[in-house]
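**Q** fold the following for me, if possible:
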Amino acid sequence: MYCVQCGSDIPAENKFCNNCGAAAYQASSGAAAVQPAAITPVAPAIPQPAVQAVAPAVYPGAPQAVYPGYPQAVYPNTPYPGMPYPQAYPGQPVYYAVPPAHHTAQQMNLLRSLQGRIQSLASTEQLEGFSLKEMFSEVFKKKSPEQVEDYMLVGTDKTTPLIDLVETGWPKPWLFFRVLATLIVGYVVCTFMLMHLSDAGNLIPAVMILGSFAVPLSTLVLFFEMNTPRNVSLHMVAKLFLFGAVVSLGVALLGYSLPIFQLGTWEAGIVEEVAKLLTAVIVMRSIRYKYILNGILFGATVGAGFACFETTGYALNSALLPGLLQGLQAGQTIDVATHSGIVAMLQILRLRGILAPLGHVAWTAIACGAFWRVKQDKPLNPSMFLDTRFIKAFLIPVSMHALWDAPAFMQLPFLGNSIITGVISWYVVFGLVQQGLKQVKEEQRSHLQQTLQTVEASMQPAGSVAVS
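**A** As a prediction, this is how the structure comes out:
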């Protein structure tokens, strides 16, 4: 007897197959074993539920059909509310539809439109060959003490390079980072001693000054390095930094005393930007400084001095003293109240230090760069302030300053008001720097042509007449 399942031989006394375990089948006497017919399994039918089409998405620009011919159903976890997806029955894979291409195109067109408006207002051009990575590629490279000294000894009659030797490509500053690191280390050390050592109250002025000066002063060094003609000395920068800060603050305070500027927060954009611009123009009106890059540096210098002194005032009058007085009024001891005032002061210093490059330094650099674009090597004339190119560009720092202080704009999360105005301001700054570099390149070309003409004239024989 053989197994009907596997065909193995089954002893007559066994009721099951030793090989596969199937029940033994024994045909009737004299009859051959019958092999059952092969059974073909039939898959159970899966019911196909009807799909109810839904209305297309209501948000603007939503795709009306993802794949032609597929019924549309709404998937609850779609990244775009109401976006239709193909879905025939539960468990069918859901293919996320790609957002409409015209959304990206609209965003790019909006960005280009904004860039075009800024360039039109500032009278600048699209940035060419600009790369932040390449620009700051020299920051972490080692420099010898001799290189640092030679790098800083510029601007005098003997150390100003000839126009033919001036670099006209995008500058690669590196000294500013060393200045920033040095000042921050000093600030951190003094702060640590102030907070953890007894009788360290004498360090309060040091912490206040280092915290107020670290970032604006380092940003000023960055602008000093971007002045590729190298015709302004550090002595002149230091003089303008101190004198310009005092004068501009005084002019701003006089402006705030006028009745017309008592209407709201917007007046800061006019009063302070006008005060800083007039200070830089009057102090540095010499025709010796004719480049746009010179004007950008002068504006950054006055703006940095203004920012340093203003931050020091905020740290003292808006943080340290109020915190101390509030602590004393609450019944705290003089030590505890002083500690509260110091903590408030440190918060102000850190916040304004982070935001310093986005504010006064960049704003005044734009204003003075636009003015020097009009002035160049001509004597100062009041009519220059009426030049359309200057007026339109000057509206940028005034507007950015007003937006910075606008109460509604200040409600943006994550310092959004400062970041937005700062990015726009630096975009304009780099546009003016590019114009300054092109101005130097044009002067190099003109100087080369004059030199060639002089050489050709000297090589002609005596008495001969040059034929043009």
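**Q** which ones are touching the residue lying closest to residue 170 once chain neighbours are set aside?
**A** Leaving aside its sequence neighbours, residue 170 sits nearest to residue 135 (CB to CB, 6 or more residues apart in numbering; 5.6 Å). Heads up, the C-betas are built off the backbone N, CA and C, glycines and all. For residue 135, the contacting residues are 170, 171, 172, 173, taking CB atoms under 8 Å, 6 or more residues apart in numbering as the criterion.
**Q** need the helices for the stretch 201-350 of the chain, in chain order.
**A** Remark: helices assigned in the stretch 201-350 of the chain by DSSP state H, counting those that start in this stretch are 204-226, 234-256, 267-283, 292-315, 321-329, 334-355.
**Q** could those go into a markdown table alongside mean pLDDT?
**A** Written out in a markdown table, the entries for those read as follows (pLDDT from 0 to 100):
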| stretch | mean pLDDT |
| --- | --- |
| helix 204-226 | 96 |
| helix 234-256 | 92 |
| helix 267-283 | 92 |
| helix 292-315 | 96 |
| helix 321-329 | 88 |
| helix 334-355 | 92 |
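**Q** ok, which of those helices comes nearest residue 429?
**A** helix 292-315 (7.1 Å; CB to CB).
**Q** what ranges in the stretch 1-150 of the chain fall below the confidence cut-off?
**A** Segments of the stretch 1-150 of the chain classed as low confidence (criterion: pLDDT under 70) are 1-2, 4-5, 21-22, 24-103.
**Q** may I ask you to name the longest helix in the chain?
**A** Residue-count comparison of every helix in the chain, with assignments taken from DSSP state H, identifies helix 416-459 as the longest.
**Q** which strands and helices lie in contact with that helix?
**A** Taking 3 or more CB pairs under 8 Å, 6 or more residues apart in numbering; DSSP states H and E as contact, the helices and strands that helix 416-459 lies on are helix 101-122, helix 292-315, helix 360-375, helix 388-405.
**Q** buried ones in the second one?
**A** Which is helix 292-315. For helix 292-315, the neighbour count (16 or more other CB atoms under 10 Å) marks 292-312, 314-315 as buried.
**Q** cool, and the last one?
**A** By neighbour count with 16+ other CB under 10 Å, helix 388-405 contains the buried residues 390, 393-405.
**Q** and that helix with helix 416-459, angle?
**A** For helix 388-405 against helix 416-459, the angle between stretch directions is 150 degrees (axes from the mean of the first three to the mean of the last three CA atoms, to 10 degrees).
**Q** report the distance from stretch 158-176 to the chain centre.
**A** For stretch 158-176, the gap between its own C-alpha mean and the chain's C-alpha mean amounts to 25 Å (CA atoms, centre = their mean, to the nearest Å).
**Q** likewise for stretch 338-358?
**A** On the basis of CA atoms, centre = their mean, the separation between the geometric centre of stretch 338-358 and that of its chain is 22 Å.
**Q** may I have that stretch as CSV, with CA atoms only?
**A** These are the backbone C-alpha positions of stretch 338-358, laid out as CSV (Å, rounded to 0.1, in the frame of the first residue of the first chain):
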residue,chain,number,x,y,z
THR,A,338,23.8,94.1,43.5
HIS,A,339,23.8,90.6,42.3
SER,A,340,20.4,91.0,40.7
GLY,A,341,21.5,94.2,39.0
ILE,A,342,24.6,92.5,37.6
VAL,A,343,22.6,89.6,36.2
ALA,A,344,20.3,92.1,34.4
MET,A,345,23.3,94.0,33.1
LEU,A,346,24.9,90.8,31.7
GLN,A,347,21.6,89.9,29.9
ILE,A,348,21.6,93.3,28.2
LEU,A,349,25.2,93.0,27.2
ARG,A,350,24.8,89.6,25.7
LEU,A,351,21.7,90.5,23.7
ARG,A,352,23.0,93.7,22.3
GLY,A,353,26.4,92.1,21.6
ILE,A,354,24.8,89.5,19.5
LEU,A,355,22.7,92.0,17.6
ALA,A,356,25.4,94.7,17.2
PRO,A,357,26.6,93.8,13.7
LEU,A,358,23.0,93.9,12.4
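**Q** from residue 171, how far out is residue 358?
**A** For residue 358, the distance to residue 171 (CB to CB, to the nearest Å) stands at 20 Å.
**Q** between the two, who's got more neighbours?
**A** More neighbours sit around residue 358 than around the other of residue 358 and residue 171, counting by other CB atoms under 10 Å; the figures are 23 against 17.
**Q** is it true that residue 284 touches residue 239?
**A** No - in this structure, residue 284 is not within contact of residue 239 by CB atoms under 8 Å, at 9.8 Å.
**Q** hang on, isn't residue 342 packed against residue 196?
**A** No - counting by CB under 8 Å, residue 342 sits too far from residue 196 to count as a contact (11.8 Å).
**Q** and those two? Which one has more around it.
**A** When residue 342 and residue 196 are compared for neighbours, residue 342 comes out ahead with 22 against 8, by other CB under 10 Å.
**Q** quick check: the more buried one vs residue 353, distance?
**A** For residue 342, the distance to residue 353 equals 16 Å [CB to CB].
**Q** same check on residue 195?
**A** The span separating residue 195 from residue 353 equals 17 Å under the rule CB to CB.
**Q** more neighbours, these two?
**A** The neighbour count for residue 195 versus residue 353, taken as other CB under 10 Å, is higher for residue 353 (22 against 14).
**Q** how about that one, nearest residue that isn't a chain neighbour?
**A** For residue 353, ignoring the flanking residues on the chain, the nearest one in space by CB to CB, 6+ apart is residue 215 at 4.5 Å.
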